[in-house]
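Enquirer: here is my input, please return the structure:
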Amino acid sequence: MTLTSTETDTAQIVTVNSNRIDAAMAIQFKEAMRTQTDGGSDRVILDLSGVEFIDSSGLGAIVAAMKQLGDGRRLDLAGLTPTVDKVFRLTRMDTVFRLFASLDDAVTANNA
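Expert: Numbering: from 1, shown residues only. Just a heads-up that it's a prediction; the model follows:
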């Protein structure tokens with residue numbers, strides 16, 4: 001599991017370079033997110049456009065990554081494939097995270 005990170009004027013973009021976030025990768029994902037986002041921007045956009053599958057452990061890892069950011073920082077999700085989007089909506093995690101259809105949508109959205 002590798003993550004890459006870039007900065008914009010208003011956010012840090014972390015891209016998941018894997019097609020799965022599942023039980024086998026959840027701990028590795030959390031550690032990689034901690035490393036990438038430590039001391040970064042107040043807004044982090046997680047680019048999930050390459051992720052085709054996520055299970056409950058992966059969902060939990062993303063929630064844990066959000067909590068690791070701490071108060072005053074937010075984690076938005078972008079580029080969810082239909083399967084991953086369905087998991088977020090079925091579990092009502094779409095009420096916890098702001099979901100954007102594309103990375104461009106997330107970057108251009110206001111920070112409110």
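
Enquirer: which residues in this protein form helices?
Expert: Along the chain, the stretches classed as helices by DSSP state H are 26-37, 56-69, 82-90, 103-108.

Enquirer: which residue comes closest to residue 99 once chain neighbours are left out?
Expert: residue 77 (5.3 Å; Cβ to Cβ, 6 or more residues apart in numbering). Yep, even glycine has a C-beta here, placed from its N, CA and C like the rest.

Enquirer: surely that neighbour meets residue 88?
Expert: Yes. Using Cβ atoms under 8 Å, residue 77 is in contact with residue 88, at 7.4 Å.

Enquirer: who's more crowded, these two?
Expert: residue 77 (24 against 20; other Cβ atoms under 10 Å).

Enquirer: residue 66 versus residue 2, what's the distance?
Expert: Using Cβ to Cβ, to the nearest Å, residue 2 is found at 20 Å from residue 66.

Enquirer: neighbours of residue 22, how many?
Expert: Neighbour number of residue 22 under other Cβ under 10 Å is 16.

Enquirer: give me the distance between the two termini of stretch 77-93.
Expert: 11 Å (Cα to Cα, to the nearest Å).

Enquirer: in it, what counts as buried?
Expert: Neighbour counts over stretch 77-93 (16 or more other Cβ atoms under 10 Å) mark 77, 78, 79, 80, 81, 84, 85, 87, 88 as buried.
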